[in-house]
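J.: Build me a structure from this.
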Amino acid sequence: MAASIYSPLPAFDELLIMAKQDPAALDELQKKLNQELIDAQSDDRGRKAIEQTLFRLQSEQFRYKAPLVRLTRAYQLMLMEMSRMQDALELLCKVPESKKKLCATILPFRSKRQER
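T.: As a prediction, this is how the structure comes out:
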C-alpha cells in the first residue's frame, strides 16, 4: 500500500483533548491539513475549488458563535457541496441521445398461431 501524502490525523480522543485544552493547536493542525490538501491538487481548478469551499466554511464559522449552530451550518454547506459534485458527476456520465448507438434490433416473438 502506498504511503499517504497527508499527515496522519490524531486519534479522536487526542483531538478532543486539544479542543478542550489547546484550541489554538487544533486550529493550527486544521490549517496544516487544509494546506496539505490544497498543495496536493495537481490542477488550478481543483485548488481553487478547495480554497473556495474552505473560505465559505471559515466564513460560516466566524459568523456564528454557538457550537451547534456552527456544526449545523458546516454540515449544510458540505451537503450542498456534495450535491453539487453529484450533479456534476451525473452530467459527466450522461450520454447524449444523439451519441447512443443501437447495439441490436430486437425482434418480437411470434406465437405458432401467427406463423400459420
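
J.: going forward, measure contacts and count neighbours with C-alpha atoms only.
T.: Fine.

J.: most centrally placed residue in this protein?
T.: Residue closest to the average C-alpha location in the chain (CA atoms, centre = their mean): M82, at 4.9 Å.

J.: And the contacts of stretch 29-42?
T.: 5-7, 47, 50-51 (CA atoms under 8 Å, 6 or more residues apart in numbering).

J.: Can you tell me which of the residues you listed is nearest E60?
T.: Comparing the contacts of stretch 29-42 against E60 with CA to CA places E51 closest, at 14.2 Å.

J.: Helix or strand: which one has K48?
T.: helix 44-63 (DSSP states H and E).

J.: If you average the pLDDT over that helix, what comes out?
T.: The average pLDDT for helix 44-63 rounds to 89.

J.: ok, and for that helix, which residues are buried?
T.: Neighbour counts over helix 44-63 (16 or more other CA atoms under 10 Å) mark 50-51, 57, 60-61 as buried.

J.: Now do the nearest residue to M18 once chain neighbours are set aside against K112, distance only.
T.: Among residues not flanking M18 along the chain, L26 sits closest, at 5.8 Å (CA to CA, 6 or more residues apart in numbering). With distances taken as CA to CA, to the nearest Å, L26 is found 78 Å from K112.

J.: For the two, indicate the residue with more neighbours.
T.: Ranked by neighbour count (other CA atoms under 10 Å), L26 and K112 place L26 first, with 18 against 7.
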